[in-house]
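Chemist: I would like to see how this sequence folds:
(one chain, ligands or ions: 1)
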Amino acid sequence: MSEEEEERKRVKADDDSEIEDLSEEDIGNYITVIATDGYYKQAQIVKVSCPACGEEFLGTKRHAGGFIAGHRAYHEFENAQDMRVEQMGGI
Ligand SMILES: [Zn+2]
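Modeler: Reported below is the predicted structural model:
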């Protein structure tokens, strides 16, 4: 890989949840990410979708894991809220 190409694939993230300039074409690509929580070298871009609500996420595996865990926690919370409402006699 040429130095120029290496530079082009370097993505700077402002925080640990946002990587700019990603598109579907980047899926499967390996990028280097400099984020506030660390330096991700050869991070692969993946696309995942939430089985509960279908929301899609495009980013590194590290962030995809956060997306999945975040949605799981959110939907569990939501379900718990629904059950609470039912226990109180429904809406
Ligand atoms: Zn979801």
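
Chemist: quick one, longest strand in this structure?
Modeler: strand 38-49 (DSSP state E).

Chemist: who touches the nearest residue to Ala52 once chain neighbours are set aside in this structure?
Modeler: Closest residue to Ala52 apart from its sequence neighbours, by C-beta to C-beta, 6 or more residues apart in numbering: His75 at 4.4 Å. In this view, the C-beta of every residue, glycine as well, is placed from N, C-alpha and C. By C-beta atoms under 8 Å, 6 or more residues apart in numbering, the contact set of His75 is Cys50, Ala52, Cys53.

Chemist: which of those tops the neighbour count?
Modeler: Counting neighbours by other C-beta atoms under 10 Å, Cys50 comes out on top of the contacts of His75 with 16 neighbours.

Chemist: does that one touch Ala73 like I think?
Modeler: No - counting by C-beta atoms under 8 Å, Cys50 does not reach Ala73; the two are 11.4 Å apart.

Chemist: so for the very next helix or strand once past the longest strand of the chain, what gets flagged as buried?
Modeler: Downstream of strand 38-49, the first helix or strand assigned by DSSP states H and E is strand 56-60. Within strand 56-60, the residues that qualify as buried are Phe57, Leu58, Gly59, Thr60, counting by 16 or more other C-beta atoms under 10 Å.
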